[in-house]
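K.L.:
Sequence below, structure please.
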Amino acid sequence: MGILIVTGMEGASNCADALAKQLGLEVEVAEGRKAALTALRHHEFEVVVVDERIADCDPAAANAIAEHAGLAVPLEINFALTGAARLGRAIRAALNRRAREQMLARKAAAAALENEMRTTVGALLLNSQLALSSSEATPAVAEKLRIVADLAGSLRRQLAAPGAGAKQLEATPGDRRFSSSSRL
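P.N.:
Alright, predicted model coming up:
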């Protein structure tokens with residue numbers, strides 16, 4: 001992945017070379033809307049930089065480029081006023097912001113998943129214990145309910161432990177924590 005610069009300005013290839021050296025990413029230049037859309041169809045980019053002159057002169061082109069940018073961070077920059085160093089800082093800032101947003105989204109998703117797991121395991125434990133307290137269960141069914149209650153209790157303890165995560169919940173078929181001989 002790299003950077004796509006959309007500009008009709010002369011010397012854009014020099015700016016692209018300077019950015020490539022500064023950021024350590026491949027930089028491709030598209031001289032207009034059609035070239036940009038073709039590049040976006042064939043490659044995935046981290047950042048799409050559109051010259052403000054193109055955006056001002058042809059807003060439909062700028063919108064089409066933004067719509068087809070995929071997960072790339074869109075930036076509008078005035079190339080007439082911005083040098084390669086400043087453009088590099090703007091791109092680096094946009095990439096850092098995206099990385100922070102992705103990290104926060106992953107943390108939120110992990111917290112939501114953990115909360116859902118805690119709720120499900122708690123319900124499983126409660127229902128299995130209620131079923132066990134019923135005198136209507138046959139001995140074979142009662143044994144299976146005890147196993148389910150043991151498993152749910154084990155999962156609950158693991159989720160309550162500091163640093164509980166999905167890796168702690170992975171079990172292999174021979175794992176003693178999840179054998180039928182486990183008890184609360």
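K.L.:
ranges for the strands of this protein?
P.N.:
2-6, 26-30, 45-51, 73-77 (DSSP state E).
K.L.:
What's the separation between the spatially most central residue of the chain and residue 72?
P.N.:
Centroid-nearest residue in the chain: residue 102, 5.2 Å away (criterion: C-alpha atoms, centre = their mean). Counting by C-beta to C-beta, to the nearest Å, the gap from residue 102 to residue 72 is 13 Å. Placement of C-beta: from N, CA and C, glycine included.
K.L.:
likewise residue 107?
P.N.:
23 Å.
K.L.:
quick one, longest helix in this structure?
P.N.:
helix 84-133 (DSSP state H).
K.L.:
tell me the angle of that helix relative to strand 2-6?
P.N.:
130 degrees (axes from the mean of the first three to the mean of the last three C-alpha atoms, to 10 degrees).
K.L.:
packing partners for helix 84-133?
P.N.:
Applying 3 or more C-beta pairs under 8 Å, 6 or more residues apart in numbering; DSSP states H and E, we find helix 84-133 packed against helix 12-23, strand 45-51, strand 73-77, helix 139-160.
K.L.:
Out of these, flag the one nearest residue 38.
P.N.:
When the helices and strands packed on helix 84-133 are compared by C-beta to C-beta, strand 45-51 sits nearest residue 38, at 12.6 Å.
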